[in-house]
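[1] attaching a predicted model along with its sequence, questions to come.
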Amino acid sequence: MRAEPSILPLDISGLGYARNGTRLLGGVTLRVRPNRRLIVLGPNGAGKSLLLRLCHGLIEPTEGHVLWALPELASRRQAMVFQKPVMLRRSTRGNLEAALALAGLPRPARRSRSAAAIERFGLAPLATRPARLLSGGEQQRLAMARAWSLRPEVLFLDEPCAQLDPGATRSIEAMIGEFSREGMTIVMTTHDLGQARRLAEDIVFLDRGRLVESGPAETFFREPASEEARAFLAGNLLW
Amino acid sequence: MSLGPFGLAFELIASGDPELMQIIGLSLRVTLTAVAIGCALGLPLGAALALARFPGRSVVVVVFNALMGLPPVVAGLAIYLLLSRSGPLGPLGLLFTPTAMVLAQTILILPIVISLTRSVIEVLWDEYQEQFRSLGSGRIRAVPTLLWDGRFSLLTGVLAGFGRASAEVGAILIVGGNIAGHTRTMTTAITLETSRGNLGLAVALGIILLGLTLSFNALAFGASGWARRVAG
């Protein structure tokens, strides 16, 4: 998987986004390093999902830059899993194969990769079931399998467990750990402090559209530098 | 009340009257060909209209929506002018042939298929676009996937097209000429036989036309329900 040169680090400088004159995110500068689990933490409305979409190229920034080390390779070496997974109106296997087709892979590669994903993620009993009739946890497992089958170097996860029960959350977190051990770089948003503690190696803490602090998770949780982070860690409502 | 026309109608149907069968065969051939051409053109065009952004797009959308209600006689007249001896396509000699009837019905079906496809694909694109763009797919590459995922809703559009074409009389009467054994379809025959007072054949054709429409709809409804259970 790592035979190709890395698209990382990802340098984000002065990144911001405004809509209809309202600045929703501004002045975000940070570096995403290879093979790290970076958690974007903050309360609802902090701009976490927006930051992920800007990094992934789904939204054009209105200020600042998103600069990959190898921009020409970047788009096909990253994937994203959304909070509410988009399930096509076809079977589990059909969803995997359609995603690979949309990503431009030839038919033999689609077949072999979807078969590998079905095996790895234990989807065989669900392979012929309509994806939209799966449970929330099963759908998110399929979304993770779909992202994995693209062999990304960087995986963006936007609150992937927000709508899941504890069992399904544990299963998704285990997958994230495995991906990370295999060398994938994880950039994930969450507003769940416990999840951030379990998964983070690095933390980016956002509040009301600005980056409040960032750095190693251990430092952040032990001695947060900002008043907002201290309040958030203490479980207080920020606004 | 006399049951004469109905009795005669059932007798014609039961005996497999050759004239009746010939009319039904031609009607189905013309309409199904028009539906096939309408879908082959209308599905990709509708999808393109849903996904493309260009100046004047909303005008095009409104025009196709309006054309769904195009009066068949007007469509027939336009095709007639095109195909008549002095028209631009006159030398092809297509006027008063089944091909001219297929052409007229295709013109009537096309706006229905285009407009309904556009509406279905727009809704799907709204739901899917973030995921598709994340996968690196542009709008053009997304079209086959969107059409396949919209298949159940699109079937309604295709049926609406079939319904319009099979029930239509004005356009095919003008461009087909209602020539016995050549361009006489169920609807044109019903018009003629009713005016002649030959109600038995007219009623028989009416029953079959209704039966066919019901059968197609029931088949599509059943297939759609089954497919929804299988594909979600």
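    The structure has been received and is ready for your questions. Residues are numbered from 1 along each chain as shown, chains lettered A, B, ... in the order given.
[2] before we move on, what SS does A:S6 have?
    Secondary structure, DSSP: H, G, I helix; E, B strand; the rest coil: A:S6 is coil.
[3] what sits against it?
    A:34, A:69-70, A:153 (CB atoms under 8 Å, 6 or more residues apart in numbering or on different chains). Bear in mind the C-beta positions are built from the backbone N, C-alpha and C, glycine included.
[4] and what of B:G7?
    B:G7 neighbours (CB under 8 Å, 6+ apart): B:G200.
[5] what about the strands in chain A?
    Applying DSSP state E to chain A gives strands spanning A:10-19, A:22-32, A:37-41, A:63-68, A:78-81, A:154-158, A:185-190, A:202-207, A:210-216.
[6] would the fifth one count as contacting chain B?
    In this case it means strand A:78-81. Yes: Strand A:78-81 lies within reach of chain B by CB under 8 Å from any CB of the partner chain, at A:79-80.
[7] elements contacting that strand?
    helix A:48-56, helix A:136-149, strand A:154-158 (3 or more CB pairs under 8 Å, 6 or more residues apart in numbering or on different chains; DSSP states H and E).
[8] what comes up buried for the helix or strand that contains B:V123?
    Element membership for B:V123 (DSSP states H and E) is helix B:98-134. Judged by neighbour count (16 or more other CB atoms under 10 Å in any protein chain shown), helix B:98-134 contains these buried residues: B:98-122, B:124-125, B:128-134.
[9] same question for stretch A:48-61.
    A:48-59, A:61.
[10] report the longest helix in chain A, please.
    In chain A, assigned by DSSP state H, the helix with the most residues is helix A:166-181.
[11] which residues touch it?
    A:35, A:37, A:121, A:135-137, A:140-141, A:144, A:148, A:155, A:157, A:160-161, A:164, A:186, A:188, A:195, A:198-199.
[12] phi, psi for A:L105 please.
    The phi and psi values for A:L105, taken as degrees, to the nearest 10, are phi -80, psi 140.
[13] can you check A:E60 too?
    Backbone torsions for A:E60, taken as degrees, to the nearest 10, come to phi -80, psi 130.
[14] do the same with A:G42
    Torsion angles at A:G42 (phi, psi; degrees, to the nearest 10) stand at phi 160, psi 160.
[15] so what's it up against?
    Contact analysis of A:G42 by CB under 8 Å, 6+ apart lists A:48, A:191, A:205-207, A:212, A:232.
[16] contacting residues for the most far-flung residue of chain B relative to its centre?
    Largest separation from the mean C-alpha position in chain B: B:S134, at 37.6 Å (CA atoms, centre = their mean). B:S134 makes contact with A:56, A:58, A:79-80 under the criterion CB under 8 Å, 6+ apart.
[17] could you dump those into TSV and include distance to A:D11 and pLDDT?
    As requested, the contacts of B:S134 are exported to TSV (distance: CB to CB, whole Å; pLDDT from 0 to 100):
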residue	distance to A:D11	pLDDT
A:H56	15	97
A:L58	19	96
A:A79	20	97
A:M80	19	98
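[18] where does pLDDT dip in chain A?
    For chain A, the stretches flagged by pLDDT under 70 are A:1-3, A:237-239.
[19] can we see that at 50?
    For chain A, the stretches with pLDDT under 50 are A:1-2.
[20] what about B:W226, how many residues nearby?
    B:W226: 10 surrounding residues under other CB atoms under 10 Å in any protein chain shown.
[21] re earlier: which one of the contacts of B:S134 is nearest B:I23?
    Nearest to B:I23 out of the contacts of B:S134 is A:L58 (CB to CB; 57.1 Å).
[22] how close does that closest one sit to A:Q140?
    Using CB to CB, to the nearest Å, A:L58 is found at 19 Å from A:Q140.
[23] give me the below-cutoff pLDDT ranges for chain B.
    Across chain B (using pLDDT under 50), the flagged ranges come out as B:1.
[24] find the nearest non-adjacent residue to residue 12, please.
    By default, I'm working from chain A. Once flanking residues are discounted, A:I12 sits nearest to A:L30: 5.2 Å by CB to CB, 6 or more residues apart in numbering or on different chains.
[25] correction: the question concerned chain B.
    Excluding its sequence neighbours, the residue lying closest to B:L12 (CB to CB, 6+ apart) is B:A204, at 4.4 Å.
[26] from chain A, which residue is nearest to chain B?
    Chain B sits closest to A:P130 of chain A, with a gap of 2.6 Å, by CB to the nearest CB.
[27] is it correct that that residue is in contact with A:L142?
    No: at 11.3 Å, A:P130 does not count as touching A:L142 under the criterion of CB atoms under 8 Å.
[28] helix, strand or coil for B:L45?
    Of the three states, B:L45 takes helix under three-state DSSP.
[29] so it touches B:I112, yeah?
    No: counting by CB under 8 Å, B:L45 sits too far from B:I112 to count as a contact (12.0 Å).
[30] backbone dihedrals for B:F54, please?
    The phi/psi pair for B:F54 (degrees, to the nearest 10) reads phi -150, psi 160.
[31] sorry, that was for B:S15
    Dihedral angles for B:S15 - degrees, to the nearest 10 - are phi -80, psi -10.
[32] for it, give its distance to B:L201.
    Between B:S15 and B:L201 the computed distance is 12 Å (CB to CB).
[33] what's the answer for B:L154, then?
    36 Å.
[34] one more: A:Q163?
    Separation of A:Q163 from B:L201 (CB to CB): 63 Å.
[35] ok, A:A79 next?
    Relative to B:L201, A:A79 is positioned 65 Å away (CB to CB).
[36] same question, A:A200
    Distance from A:A200 to B:L201, by CB to CB: 81 Å.
[37] picking that back up, give the burial count for the residue nearest to A:I12, as a bare number.
    With other CB under 10 Å as criterion, A:L30 counts 20.
[38] pick out the most distant pair among the contacts of A:G42.
    A:H191 and A:V212 (14.1 Å).
[39] the two - which one has more neighbours?
    Neighbours per residue (other CB under 10 Å) separate A:H191 from A:V212, with A:V212 holding more: 20 against 17.
[40] give the contact list for the more buried one.
    Under the criterion of CB under 8 Å, 6+ apart, the contact list for A:V212 reads A:42, A:205-206, A:226, A:228-229.
[41] how does it look with 10 Å?
    Neighbouring residues of A:V212 by CB atoms under 10 Å, 6 or more residues apart in numbering or on different chains: A:41-42, A:46, A:204-206, A:224-229, A:232, A:238.
[42] so among these, which ones count as buried?
    Buried, going by 16+ other CB under 10 Å: A:41-42, A:46, A:204-206, A:224, A:228-229, A:232, out of those.
[43] pull the most distant pair out of those residues.
    The largest separation in the buried ones among the contacts of A:V212, counting by CB to CB, is between A:A46 and A:P224 at 15.0 Å.
[44] ok so, going back, the helix holding B:V123 vs helix A:136-149, what angle?
    90 degrees (axes from the mean of the first three to the mean of the last three CA atoms, to 10 degrees).
[45] got the angle between the following helix or strand past helix B:98-134 and helix B:98-134?
    Using DSSP H and E, the next helix or strand after helix B:98-134 towards the C-terminus is helix B:139-149. If you take the same axes, to 10 degrees, helix B:139-149 sits at 110 degrees to helix B:98-134.
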